[in-house]
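Engineer: 3D model of this:
(2 chains)
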Amino acid sequence: MLEVNIVGQIEKQLKEGIEQAVIKAELASPEEMPEVVLETPKDKAHGDYATNMAMQLARIAKKNPRQIAEEIVANIDQEAASVKEIEIAGPGFINFFMDTSYLTDVIETIFDQGSDYGQSNNGEGKRVQIEFVSANPTGTLHLGHARGAAYGDTLANVMEKAGYQVEREYYINDAGNQIDNLAKSIEARYFEVLGEEKEMPEDGYQGRDIIELAKQLVEEHGDHFLQQEEEERLQAFRKYGLDYLLDRIKQDLEDFRVPFDSWFSETSLYTNGLVEQAVETLRDKGYIYEADGAVWFRSTDFGDDKDRVLVKQDGTYTYLTPDIAYHQNKIDRGFDQLINIWGADHHGYVSRMQAAIQALGNPKDILDIKIAQMVNLFENGEKVKMSKRTGKAVTMKELIEEVGLDATRYFFIMRSNDSHLDFDMDLAKSESNDNPVYYVQYAHARICSMLRQAEEKGIHVEDEVNLSLLTAEKEVDLLKRLGDYPQVISEAATKKMPHRIPQYVFDLASDLHSFYNAEKVLDLENIELTQARIALMKAVRTVIADALDLIGVHAPDQM
RNA sequence: GUCCCGGUAGCUCAGCUGGAUAGAGCAACAGCCUUCUAAGCUGUCGGUCGCAGGUUCGAAUCCUGCCCGGGACGCCA
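Structural biologist: Numbering: from 1, shown residues only, chains lettered A, B, ... in the order given. A predicted model of the protein is given here:
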């Protein structure tokens, strides 16, 4: 089955009708034809669709837009385009009032497709890899990671639904300085737990999680490591620390409903010689030079601010070097598109990474780097800076425990990723209609409740329901909204804006509540209409549940 | 100083490929429960779209400059 998208079909029909009318009226040749722009007017009085075609043609046809509009209208085949009424307005807008009987088809489509409704082949099966979170395994996931996790996971869901083949990957920085540092930090805490003296490294990890780790180490192994040579001991702590912290990260992500398909180890890049190879490739292509005892990448050739060091004076690599190798490896794995989701604190790193991609001979736009902007927590109207418990940044786990999983997911995805986010914890926790999560979930529960009562009252929905009875204003609003869903999905996917989903589902919930207050669904006096409305309710329920599922929020049957 | 993100109603934010009178929620105000969950609905009030130029028939949207807020500018990761 190809794309079943009623609204899309209708729009396509109308666009073709307009193009044909333009040609028939000899206003423009097919080569000159501007793209037909259809918009849905904000004001219902302006029809279901409007086009600015006449204004666009003003220059080509050398006539005034109103006159052009009249000629288009005179030549359009209304019936073929399902148009009921046309009017010309303002400077030359053509407003179309559609024959809305097609709208009820959306219910049947939703029944046929169930949770597949909204799916499209927009992505044409392209292989996309989304790399996100990728926090260093030197501590616990905190607030910023949570936003990236929610954004990445929802984007992946949405893109899958829009016909992309998506792989979710986590890059584990298990090599380099910070891991040595981790081992030394663990060592210092280990000694401390055993009442011995050992200095904490200068940039050591002070977090509470490292103290807990050290305690567990003592519980399991006693003072065993005190006897060892320092080298040997640090080696053991490295491994122990990595395993311990990575396990916790994995657990936290699982608890946040964020699954990954693959976990890619930085160390593997070294053992497979890929880091060395990346440097050599760049050298062969002439983007490498040596200065001050270091090896440099001439990234300024590709728009970076300054050139970057790849191999330091001491012979070790900078962070960038394995990262270049990593990205080349991703491309070599055959993905059509790479998406990286980075925290705001890494945005200065974007241009050098993109320079490297190009220097290696790849198209620039194969890599799209999205930035998850800063998050500020607010509680009791005040900005929360430090966690009460750890004295460090608030962890993801603490946030979920405090405000709940559903609200946390919803709030992170509610806003555009590149907007700073003020996270209102009081609102997220409140069980009131002010809280958008509850508002939407309640709409779902409300429908479930109606359906339960329908059953209790012995109302059974027949196979043949007369959907043409759904003509009330609020019903038409709901039908149109349901029809929008496939387009919302594909647009959220192609523009990588998953925040469109909570926006949409909020509007759908709002339409539902409004309908609920205006019309009575269960009416034993009018079984035929009741059945049509129950069908509508079921369709709405399916779409709310699916949209919530995309953003990782539960759709409760009752509240 | 350079670069990135943001600046839209009192607050938090939407605003598509440039389109008609710039939207939503909250707050404020006025209403709605003998009716399927009031965790809901309806209405009113509220805007120099940071500022100034430019492009265009038309700019919140595109271009340039400036102002404000946040962030990044390491042979750290």
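Engineer: C-alpha only now, for contacts and for neighbours.
Structural biologist: Fine.
Engineer: Whichever residue of the stretch 351-500 of chain A sits closest to RNA strand B is in what secondary structure piece?
Structural biologist: Closest approach between the stretch 351-500 of chain A and RNA strand B, counting by Cα to the nearest atom of the strand: A:Asn433, at 2.3 Å. Using DSSP states H and E, A:Asn433 sits within no helix or strand.
Engineer: Is it in contact with A:Gln441, as I believe?
Structural biologist: No: using Cα atoms under 8 Å, A:Asn433 is not in contact with A:Gln441, being 10.3 Å away.
Engineer: quick one, which of these two is more surrounded?
Structural biologist: Neighbours per residue (other Cα atoms under 10 Å) separate A:Asn433 from A:Gln441, with A:Gln441 holding more: 24 against 12.
Engineer: If you count neighbours, what's buried in the top helix by length along chain A?
Structural biologist: Counting residues, the longest helix in chain A under DSSP state H turns out to be helix A:230-255. Residues A:233-234, A:237-238, A:240-242, A:244-246, A:248-250, A:252-253 are the ones in helix A:230-255 that count as buried (16 or more other Cα atoms under 10 Å).
Engineer: Which elements pack onto it?
Structural biologist: Applying 3 or more Cα pairs under 8 Å, 6 or more residues apart in numbering; DSSP states H and E, we find helix A:230-255 packed against helix A:177-193.
Engineer: is it true that A:Tyr170 lies in a strand?
Structural biologist: Yes: assignment of A:Tyr170 by DSSP: H, G, I helix; E, B strand; the rest coil places it within a strand.
Engineer: excluding its backbone neighbours, what's nearest A:Tyr117?
Structural biologist: Nearest residue to A:Tyr117, sequence neighbours excluded (Cα to Cα, 6 or more residues apart in numbering): A:Ile110, at 5.7 Å.
Engineer: Next up, the contacts around the one you found.
Structural biologist: By Cα atoms under 8 Å, 6 or more residues apart in numbering, the contact list for A:Ile110 reads A:117, A:539, A:542.
Engineer: For the stretch 51-200 of chain A, which residues are neighbours of RNA strand B?
Structural biologist: Residues of the stretch 51-200 of chain A found near RNA strand B (Cα under 7 Å from any atom of the strand) are A:51-52, A:55-56, A:89-91, A:93-95, A:136, A:173, A:175-178.
Engineer: burial measure for A:Thr281, as a count.
Structural biologist: Residues near A:Thr281, counting by other Cα under 10 Å: 15.
Engineer: per-residue confidence at it?
Structural biologist: Looking at A:Thr281, its pLDDT is 97.
Engineer: That one and A:Ile324, how far apart?
Structural biologist: A:Thr281 sits 11 Å away from A:Ile324, going by Cα to Cα, to the nearest Å.
Engineer: which parts of the stretch 201-350 of chain A sit against RNA strand B?
Structural biologist: A:291-294, A:305, A:308-309, A:311-314, A:317-320, A:344-349.
Engineer: Among these, name the buried ones.
Structural biologist: A:294, A:308-309, A:311, A:317, A:320, A:344.
Engineer: still on that earlier bit, how about the contacts of A:Ile110 in JSON lines, adding pLDDT and secondary structure?
Structural biologist: Formatted as JSON lines, those follow (pLDDT from 0 to 100; DSSP: H, G, I helix; E, B strand; the rest coil):
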{"residue": "A:Tyr117", "pLDDT": "96", "secondary structure": "coil"}
{"residue": "A:Ala539", "pLDDT": "97", "secondary structure": "helix"}
{"residue": "A:Thr542", "pLDDT": "97", "secondary structure": "helix"}
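Engineer: List the contacts of the residue of chain A positioned farthest from its centre.
Structural biologist: Using Cα atoms, centre = their mean, the residue of chain A lying farthest from its centre is A:Gln227. It sits 50.5 Å away. A:Gln227 sits next to no residue when contact means Cα under 8 Å, 6+ apart.
Engineer: residues in contact with the residue nearest to the spatial centre of chain A?
Structural biologist: Nearest to the mean C-alpha position of chain A, counting by Cα atoms, centre = their mean, stands A:Leu155 at 2.6 Å. Counting by Cα under 8 Å, 6+ apart, A:Leu155 makes contact with A:493, A:496-498.
Engineer: and those residues, which are buried?
Structural biologist: Here the buried ones among the contacts of A:Leu155, as counted with 16+ other Cα under 10 Å, turn out to be A:493, A:496-498.
Engineer: Present the residues you listed as JSON lines; the columns should include pLDDT and distance to RNA strand B.
Structural biologist: Conversion of those to JSON lines gives the following (pLDDT from 0 to 100; distance: Cα to the nearest atom of the strand, whole Å):
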{"residue": "A:Ala493", "pLDDT": "95", "distance to RNA strand B": "12"}
{"residue": "A:Lys496", "pLDDT": "95", "distance to RNA strand B": "10"}
{"residue": "A:Met497", "pLDDT": "95", "distance to RNA strand B": "7"}
{"residue": "A:Pro498", "pLDDT": "96", "distance to RNA strand B": "10"}
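Engineer: Point out the residues in the stretch 401-550 of chain A that sit beside RNA strand B.
Structural biologist: Near RNA strand B, when you scan the stretch 401-550 of chain A using Cα under 7 Å from any atom of the strand, you find A:415-422, A:431-436, A:438-439, A:442, A:445-446, A:449-450, A:453, A:500, A:503, A:510, A:513-514, A:516-523.
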